[in-house]
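S.K.: The following comprises the amino acid sequence and a computationally predicted model.
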Amino acid sequence: METSASITDSFGSLKLDRGWMLVLGVALIILGTVALGDTLVVTVVSVFLVGWLLIASGIFHLVHLFRHTEVRSFWNILGTVCDFGAGLYMITNPALGALTLTLVLAAFLFVSGVTRLIAVFRRNYPAHFGRLWTASCQLVLGSCFGCIGRGVDYGSSALRLRSN
């Protein structure tokens with residue numbers, strides 16, 4: 001009982017104003033509707049955002065490597081180089097960056113679904129159906145995104161062959 005009282009007190013100290021929460025909710029609904037209206041622009045903007053975030057991450061990792069010599073290792077340097085490389089790749093090739101993000105998301109969802117299915121069948125969870133449902137949805141979404149990515153890849157290859 002004492003824990004729940006302390007949690008209630010901490011949330012009460014935030015003093016969230018319902019008016020601002022309502023404004024935020026309405027603004028997010030409007031922005032989401034606008035984003036659905038022009039998905040190409042939103043895709044390009046998100047690819048640029050992820051690209052610049054990866055470059056910023058590379059800069060922070062580089063500063064960290066120079067300031068803290070005890071953490072310098074091959075893997076940390078490789079991570080920094082990968083951050084810079086992936087960020088530059090996404091900024092210079094936004095269309096390929098969007099396809100890459102789609103395929104990485106597909107692989108993540110698929111692998112996550114497989115590991116959740118394995119966990120569901122190996123352990124005796126009390127909420128068996130819910131975990132099975134989430135794992136199945138992740139497998140289906142990962143497969144769908146993977147098929148979409150491969151379809152775009154084959155379509156662009158066909159267009160390149162046709163233009164030659």
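M.R.: Happy to help now that I have it. Predicted model only: the values in this text are computed from it and were never measured. Numbering: from 1, shown residues only.
S.K.: check contacts around F48.
M.R.: M90, I91, P94 (C-beta atoms under 8 Å, 6 or more residues apart in numbering). Heads up, the C-betas are built off the backbone N, CA and C, glycines and all.
S.K.: After the helix or strand harbouring the first one, which helix or strand is next?
M.R.: According to DSSP states H and E, M90 maps onto helix 74-92. The C-terminal neighbour of helix 74-92 among helices and strands, as given by DSSP H and E, is helix 94-122.
S.K.: where's the residue most central in space within the chain relative to S73, distance?
M.R.: Geometric centre of the chain, nearest residue: L105, 6.8 Å, by C-alpha atoms, centre = their mean. For L105, the distance to S73 equals 29 Å [C-beta to C-beta, to the nearest Å].
S.K.: quick one, domains of the protein?
M.R.: 18-92, 94-164 (automatic domain parsing).
S.K.: Save those domains as TSV, and put in mean pLDDT too.
M.R.: Below are the domains of the chain laid out as TSV (pLDDT from 0 to 100):
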stretch	mean pLDDT
domain 18-92	87
domain 94-164	73
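S.K.: All set now, cheers.
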